[in-house]
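**Student:** Curious how this folds, go ahead:
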Amino acid sequence: MNDADLMLPGEFGAATRLSPKALRLYAAQGLLVPVYTDPSSAYRRYHRDQIPLGRLIGWLRMLDLPLARIASLLPLNSQARQAELRAWLAAQEIELQQRRELVEALDCTSRATAGTPTLRTRPQRKLLCRERRVHIDELEAFMADAQEHICARLRAVGLSDDGPTLVHFHGFVTRDSDGPVEVAVPFTGSVEPVDDLRVRLSPAGTDAVLPVAKADADFPMILHVYGALEAWIDAHRLVCVGSPVEVWPGSDGAVLDVTYPIVPSAES
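**Tutor:** Below is the predicted model:
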C-alpha cells in the first residue's frame with residue numbers, strides 16, 4: 001500500500017463531503033471501512049480509491065435511503081443500481097399519490113355526503129359468515145367470493161337469504177392494513193356450516209345509518225362517509241358499541257349503507 005494514497009479522516013471527509021460523525025457511522029455499519037486503523041492509537045486511514053464509494057454513499061443518503069438499503073445497492077454495477085433506484089422511486093410516487101388521495105378524502109369540509117344519517121332498528125337474526133384478513137385491493141373480490149359461497153351453502157340445504165349482505169369491518173382495511181373483514185348473510189332456518197363458514201346470532205339493537213351514493217362508494221372517498229357518520233353520532237351523544245357494517249345494497253336506492261351499532265350515551 002502506498003502511504004501517499006492514504007488519507008486522514010479529515011482529508012477524506014473533505015473530499016467526499018462526509019462529516020466525521022457520518023464516517024464513524026458508515027464504518028460501524030460496514031459501508032465504508034478505513035483501510036487501516038492503528039492498533040495502538042486507533043487512528044484511521046482511508047485510501048484515495050475509496051473516494052468514489054464515499055461520494056456514492058453521500059448521494060444515496062440524500063435520497064433518505066436507510067443504511068440497509070444502501071448496503072444492498074453498493075455491490076451493484078451502475079446500470080443495475082439505477083434500475084433499482086428507478087423502481088424504488090416509482091414505488092415512492094405511487095405511495096405519495098395514495099397518501100394524497102387519503103388526505104383529500106379526509107377533508108370533511110371539501111364535500112357533503114349525499115345522504116342523511118338516521119337511526120334504524122336492527123332485528124335479531126342468524127348470520128352465515130366468512131371472515132378473512134384482506135387489504136383494500138383484495139376486498140371486492142373477497143366480498144363477491146364470500147357472498148357466492150355463503151348463498152351456495154344456503155341453497156344447498158334449501159334455504160334462501162333473508163336480506164342484504166352485511167360486511168363487518170373488525171379492523172381498518174386500507175392498502176397497509178388488512179382488516180379483518182367478515183361477510184355475513186342473514187337467513188332463517190338451520191344450516192350446518194362447512195369449510196370456513198360459521199353461524200352466529202346477531203343481537204337486536206339500534207344502528208346509526210348513512211346511505212352512500214355511488215360517487216362516494218369507492219376507497220378512499222368512502223372514508224369521508226365514515227367520518228361524517230361518526231361526527232353525527234358524536235354530535236347526538238350516542239356511543240358506538242361494535243364494528244361498522246356496510247349493508248349491500250343500501251336503503252332507498254343507495255349503493256350501500258354504512259352503519260354503526262349504537263346506544264345512547266350514559267350522560268344523555
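
**Student:** Just after the lengthiest helix in the chain, pick out the following helix or strand.
**Tutor:** Secondary structure of the chain per DSSP state H: the longest helix is helix 78-105. Next in sequence after helix 78-105, counting helices and strands by DSSP states H and E, comes strand 118-122.

**Student:** Return the list of strands paired to the helix or strand following that following strand, each annotated with direction.
**Tutor:** Downstream of strand 118-122, the next assigned helix or strand under DSSP H and E is strand 125-132. According to DSSP bridges, strand 125-132 forms sheet pairs with strand 181-187 (antiparallel), strand 198-202 (antiparallel).

**Student:** Which elements pack onto the helix or strand following the shortest one?
**Tutor:** In this case it means strand 198-202. As assigned by DSSP H and E, the chain's next helix or strand after strand 198-202 is strand 205-212. Secondary-structure packing of strand 205-212 (3 or more CB pairs under 8 Å, 6 or more residues apart in numbering; DSSP states H and E): strand 118-122, helix 222-235, strand 256-264. In this view, the C-beta of every residue, glycine as well, is placed from N, C-alpha and C.

**Student:** Name the spans of this protein whose pLDDT lies under the cut-off.
**Tutor:** For the chain, the stretches with pLDDT under 70 are 1-2, 108-112, 266-268.

**Student:** Show me the residue at the heart of it, geometrically.
**Tutor:** residue 176 (1.7 Å; CA atoms, centre = their mean).

**Student:** How about the secondary structure of that one?
**Tutor:** For residue 176, the assignment made with DSSP: H, G, I helix; E, B strand; the rest coil gives coil.

**Student:** show me the contacts for the residue nearest to it when sequence neighbours are not counted.
**Tutor:** Leaving out its chain neighbours, the residue that sits closest to residue 176 by CB to CB, 6 or more residues apart in numbering is residue 135, at 7.6 Å. Shown in contact with residue 135 (CB atoms under 8 Å, 6 or more residues apart in numbering): 173-179.

**Student:** For residue 135, what are phi and psi?
**Tutor:** Residue 135 has phi and psi values of phi -90, psi 170 when expressed as degrees, to the nearest 10.

**Student:** ok, it to residue 146 distance?
**Tutor:** 15 Å (CB to CB, to the nearest Å).

**Student:** roughly how far apart are residue 35 and residue 21?
**Tutor:** Per CB to CB, residue 35 is found 20 Å from residue 21.

**Student:** And residue 11, by the same measure?
**Tutor:** Distance of residue 11 to residue 21, computed by CB to CB: 16 Å.

**Student:** neighbour count winner among the two?
**Tutor:** Per other CB atoms under 10 Å, whichever of residue 11 and residue 21 has more neighbours is residue 11, with 13 against 9.

**Student:** Provide the backbone phi and psi angles at the more buried one.
**Tutor:** phi -70, psi -40.
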